[in-house]
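> okay, structure incoming, though there's no sequence with it:
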């Protein structure tokens, strides 16, 4: 019987397991993909927007070569932290059902059944892209994930979106020889685009090296072209690839099957106690970005990692002997 089973081996999920261990609780982490799977999906050599001290977990320093960590440094850092902490992490194991009640949960997966007193869902939101909802979106040339610019050298690339991911993809592809067109639903680039990225992109658009259609949407995706709806009317442009940087959402269907309920708001915000992060299903907690529902810019690694402390302190408070053991165990290691 585990004290805590964490679903999601991202930075916040790992932070929950570390916190549990330091309180003398037995924890295990499951993930249907790789360790810190969302970061694995980031573009190659991408820089985090945050400085390393803001995304550290477990008090482990995050050494970097530059001012901000890259994707590769992040992957190595979190891998190293999990190894140094000796965390029990089971990867490529998908959770299929949650049965039982608080104190006696049975977590069924693609490989086994795990027994735990409490369960934390730290599943993030990077797995399900927001669809364009247009004919042709299922063509092989369309992707919602940008990895690197090299497949698009000398190709006609449409980047859909106006936030940071779209801005960086557009600039990266342009600088590696792609013919880039941006399709933006809004009348201008998002105000959330980082201050060091925005002027660069605005200047490329102004000089015409990156073409942009504002207040526009894609009507149809065809094999060799796109049909756009613009303020000037319908426009058809030649196209080889579409990078739909339209954002992502939590797996609501999965969360519902586990017993998470949602507020009747436009963001489908999970219902949970803001002090303990316990959901309406007793013993089931949420942590990290998944707490924001569709409002995926509310929680990040920077603030989501602190959810671990609130959750574990609440759980450990139900087991005073575990707290005493955890304090002694941690002092002995130090």
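Great, that's in hand. This structure is a prediction, so every number in the text was calculated from the model and none was measured. Numbers count the residues shown, from 1 in each chain.

> and the gap between residue 104 and residue 25?
16 Å (CB to CB, to the nearest Å). Heads up, the C-betas are built off the backbone N, CA and C, glycines and all.

> could you do residue 222 as well?
Residue 222 is 55 Å from residue 25, where distance means CB to CB.

> please name the residues that touch the residue nearest to residue 57 when sequence neighbours are not counted.
In space, and not counting its chain neighbours, residue 57 is closest to residue 15: 4.3 Å by CB to CB, 6 or more residues apart in numbering. By CB atoms under 8 Å, 6 or more residues apart in numbering, residue 15 lies in contact with 57, 58, 305, 307, 308.

> cool, and residue 92?
31, 32, 33, 34 are the contacts of residue 92 under CB under 8 Å, 6+ apart.

> which one (most neighbours) among the residues you listed?
residue 31 (24 neighbours; other CB atoms under 10 Å).

> quick one: pLDDT of it?
pLDDT for residue 31: 97.

> what's the helix or strand for residue 97?
Element membership for residue 97 (DSSP states H and E) is strand 95-101.

> in its sheet, what does the helix or strand immediately after that strand in the chain sit against?
Using DSSP H and E, the helix or strand that follows strand 95-101 in sequence is strand 104-109. Strand 104-109 has the following strand partners under DSSP bridges: strand 95-101 (antiparallel), strand 113-121 (antiparallel).

> give me the residues contacting strand 104-109.
Counting by CB under 8 Å, 6+ apart, 5, 7, 30, 90, 93-100, 113-119, 283-284 sit against strand 104-109.

> who does residue 213 bridge with?
residue 183.

> tell me the centre residue of this structure?
The residue lying closest to the centre of the chain (CA atoms, centre = their mean) is residue 126, at 4.1 Å.

> I'd say that residue and residue 39 touch.
No - counting by CB atoms under 8 Å, residue 39 is not a contact partner of residue 126; they are 9.0 Å apart.

> follow-up on the earlier one: generate a ChimeraX selection restricted to the buried subset of the contacts of strand 104-109.
In ChimeraX, a selection of the buried entries from these looks like this (16 or more other CB atoms under 10 Å):
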select :5,7,30,93,95,98,114,116,117,118,119,283,284
